[in-house]
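J.: show me how the following folds:
(4 chains)
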Amino acid sequence: MSDWEPKIVAFLCNWCSYGAADLAGVGRMQYPPNIRVIRIPCTGSMSPKFALAALREGADGVWVSG
Amino acid sequence: MLGYIDKIRQISKGLIEDKKVDMIIGFKKGTMPMMNEPCLVKSPKDVEKLVWDSNCGINLANYLTDRKERIGIIAKGCDSRNIVTHIIENKIKREQLVIIGVPCTGMIDKHRLTSMFEGEIEQVTEQNGNITIKGEDFEEILKKNDVLQQNCSVCIHRNPVVYDELVSDLVEEQDVDRYEDVRKIEAMPSEKKWNYFDDLLSTCIRCYACRNACPLCYCPTCFVDESRPQWVGKSDDSIDIRTFHFLRAYHCAGRCTDCGACERACPVGINMRMFTRKLEKDCFEQYGWEAGLSLDERPPLDTYKPEDPDDFIK
Amino acid sequence: MKVIKIDKKDWVGGLEKSRSAYRLVGPFKENGKQFPVFKELDKGQEPDLTTLNTVISPKSIVFPQSEVMFEYTTDEKSEDCNLLKRPEKNYSPCAVIGIRPYDAAAFLLVQKNFDTPDYRDPYWCDAYEACTFIGMAINNPDNTDFSTSTKSGPFDESGLDVLLVDMKDHFLAKVITDKGDAYLKAAGWTAKVDTDAAIKQIDEMKNKAEVKIASKISFDNIEKKSIMELYEADFWEDVAFACINCGTCTYLCPTCWCFDIQDENHGKSGKRFKNWDGCMFPLFTHHSSGHNPRGIKVMRVRQRFMHKLKYFLDKYEDGIMCVGCGRCTRFCPVNIDIRNVCKLMNS
Amino acid sequence: MEHMGIEPGRIHFSWVSSAESTKFVQVVNEVTEAVKALGPNNHFITKEAKVA
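T.: Numbering: from 1, shown residues only, chains lettered A, B, ... in the order given. Alright, predicted model coming up:
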């Protein structure tokens, strides 16, 4: 189990956190590779079924960021 | 509650005769004990069909969705709150409705009564707060208050919140602890919670009676019927069943009035209100909101206030 | 024809003994549950014969709510790549203990659909053929039971291999087929009784039980009426008003057989399922074009009753597609009563 | 979701402006740590539907 790495599905707002992720990339910042980013038009369009669908397909965590 | 019916019939008859409404939505006597069938009355002579007793647990607001006629509707406390929700959500117009308010003293829990007796119940009658249950070889008198639907026994809005006519004096509201059972679950560790709900839903056959009996569930296409993309599998897999119940509850957040129609409709006796009640409790504690009390106030999920709780956000 | 006497003290022992050759299925009430359901009985579990009827009909024994039809993988490393494989399933002999006569008769109606010269549903047929039905006669029918009007009845033998009759301290087992005989032998129940006397006893009880059934329906006139006359009748709006379009009636019904086919795909492998479906759901007839020929509630309600009480009657000329178990009436959330609908259609 | 038995810490919400790349990195770290601490998710996964 020691080499287990979590899979985290990140639902990021196009205008906020996705921009921040972009900026982090441009700035060559280091962060853990466990997140799988899904860009959504706005966090307001986030539905609980997205989170459930992610878990259903085997995600270990869900992160919603506006 | 039995004394109401003459008044209900009299008001209904008047409304139809004066052409104030095209139809009355109420209950008629069912073919089984503890069952009444929702019905539509269009002519004064049919008014005699209407009945009212402690077996009118189905929520009549369910039959209003998108109707165009002028309707007289018989509404107990929870029905009236769902009518308010319907009006707020533009599913019916206030001007179309004549609401015949019925102060309610609770509905009988038919699941529980059925399971209380070995033999078959053939007749259930009520008088002065007592219920007489008759079967082939037994007869028992119980206090009505002891056999209420669970949601009725913790109901704090027994009187209709909006009405045009009232069939009797308002009844006294109860002062009860509404959420004892929800707190019990909140106190469980995660694993125990998971198992609790696994067990709760283990007999679900996905007939969707809970969804369809619910006045809130009027979406033209339910998320379980969506296929592009398909959010939830359609088999009797336990995760898919749980997803259905969980998301349905979410869709009712801030709208559910705990009328109990879902639980009453369930053929296998699942208390799916354990999902909706948690959300109801949260809405009340975090936003001070109870659904369907006022026509003028917007529900918390479509308004924003600076003081909304946000401590779950990093 | 013979009748075997089973002492109640030999009952459990016999069941356990028969396990060497049979899987046992029967109504069983799990701890803390309100009612029993038909399931495969584990060792030491006894079928619950006290409950008159299960909420969910035993049709799921041969027609599970969800059943995998085949599996596939598109993984080229696998030797099964791009092959459709029917999953292994246990079709070894299975004894269904305590099924009620009308539920067993319901299988015969469903068989007309799943086992025909042109089409044969292997999943249904294989499971059905594996079963030996040890039925339990109904001494005290409930008040939604109208099985005497549907060619079935509380002592109906048509779908059974053995009919058990509860005589308080023992069971009388009327052997109907060789399959039934084989099961009784495997269970070690062989005490023969005087056949004529026993049959007389059983017939007496049968008459007593049948008399208790007060609900009667008749479909004589439905047979004579034309489809269009019934289809365009003016009572459908009234019948359908209360209906909330849930699938309770279709899912609990022992004769409803409709299903839907679904694929579920995970990565490179997937499965195709049969799932129960019902005419009450709008999605059931929804075309991919977006058109729905049964777009509104009243059409769907009409379809259910027309299918059961008219189309089936006309097509097979062998009665209606209903065995009178009364489940749909009992568990309908809004009390739509098939007996009343039948009366309306018949008048 | 926690009411139903999903552990607290599997689901996270945050608010990061497009200019806050440092906060973004910090939150990724936090979320990853929290989920790592919980171990693999056992609930709500459907690798294949379990049916009869």
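J.: is chain D within reach of stretch C:38-55?
T.: No - figure legend: stretch C:38-55 not in contact with chain D (Cβ under 8 Å from any Cβ of the partner chain); closest approach 9.8 Å. Glycine gets a C-beta too; all of them are placed from N, C-alpha and C.
J.: residues contacting that stretch, please?
T.: B:120, B:267-268, C:12, C:15-16, C:19, C:23-29, C:35-37, C:56, C:58, C:60-61, C:94, C:96-100, C:103, C:136, C:138, C:140-142, C:166, C:252, C:325, C:327, C:331 (Cβ atoms under 8 Å, 6 or more residues apart in numbering or on different chains).
J.: can you list the buried residues in it?
T.: C:38, C:39, C:41, C:47, C:48, C:49, C:53, C:54, C:55 (16 or more other Cβ atoms under 10 Å in any protein chain shown).
J.: quick one: low-confidence ranges for chain A?
T.: Where chain A drops to pLDDT under 70, the residues are A:1-2.
J.: tell me the bridge partners for the residue positioned nearest the centre of chain A.
T.: What sits nearest the mean C-alpha location of chain A, by Cα atoms, centre = their mean, is residue A:10, with 1.2 Å. For residue A:10, the beta-bridge assignment (DSSP bridges) gives partners residue A:37, residue A:63.
J.: and the residue of chain D closest to chain B?
T.: The nearest approach of chain D to chain B comes at residue D:5, 2.8 Å away (Cβ to the nearest Cβ).
J.: chain D contacts on the stretch 151-300 of chain B?
T.: Proximity of the stretch 151-300 of chain B to chain D, by Cβ under 8 Å from any Cβ, involves residues B:185-186, B:190-197, B:233, B:235-240, B:242-243, B:246, B:275, B:278.
J.: for the nearest residue to residue C:284 once chain neighbours are set aside, which residues are in contact?
T.: Distance criterion Cβ to Cβ, 6 or more residues apart in numbering or on different chains; nearest residue to residue C:284, sequence neighbours excluded, is residue C:277 at 5.4 Å. Shown in contact with residue C:277 (Cβ under 8 Å, 6+ apart): C:247, C:258, C:259, C:260, C:283, C:284.
J.: among the residues you listed, which are located in strands?
T.: Counted as lying in strands by DSSP state E, out of the contacts of residue C:277, are C:259, C:260.
J.: biggest separation within the contacts of residue C:277, which pair?
T.: Spanning the widest gap among the contacts of residue C:277 are C:259 and C:283, at 12.9 Å by Cβ to Cβ.
J.: ok so, going back, and the gap between the residue nearest to the centre of chain A and residue A:23?
T.: Separation of residue A:10 from residue A:23 (Cβ to Cβ, to the nearest Å) stands at 15 Å.
J.: now do the helices in chain D.
T.: Under the criterion DSSP state H, chain D carries helices at the ranges D:21-38.
J.: just to revisit the earlier point, in ChimeraX, how would I select the buried members of the contacts of stretch C:38-55?
T.: Burial among the contacts of stretch C:38-55 is assessed by 16+ other Cβ under 10 Å; the matching ChimeraX selection reads:
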select /B:120,267,268 /C:15,23,24,25,26,27,28,29,35,36,37,56,58,60,61,94,96,97,98,99,100,103,136,138,141,142,252,325,327,331
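J.: quick check: closest non-adjacent residue to residue C:6.
T.: residue C:171 (4.3 Å).
J.: picking that back up, number of nearby residues for the residue of chain D closest to chain B?
T.: 21 (other Cβ atoms under 10 Å in any protein chain shown).
J.: avg pLDDT for stretch C:333-342?
T.: Stretch C:333-342 shows a mean pLDDT of 94.
J.: and that stretch with chain B, contact?
T.: Yes - part of stretch C:333-342 sits near chain B under the criterion Cβ under 8 Å from any Cβ, namely C:333, C:334, C:335, C:336, C:337, C:339, C:340.
J.: the fifth one touches residue B:31, doesn't it?
T.: It refers to residue C:337. Yes - with contact defined as Cβ atoms under 8 Å, residue C:337 reaches residue B:31; the gap is 4.4 Å.
J.: residue in chain B nearest to chain D?
T.: Taking Cβ to the nearest Cβ, chain B has residue B:194 as its residue nearest chain D, at 2.8 Å.
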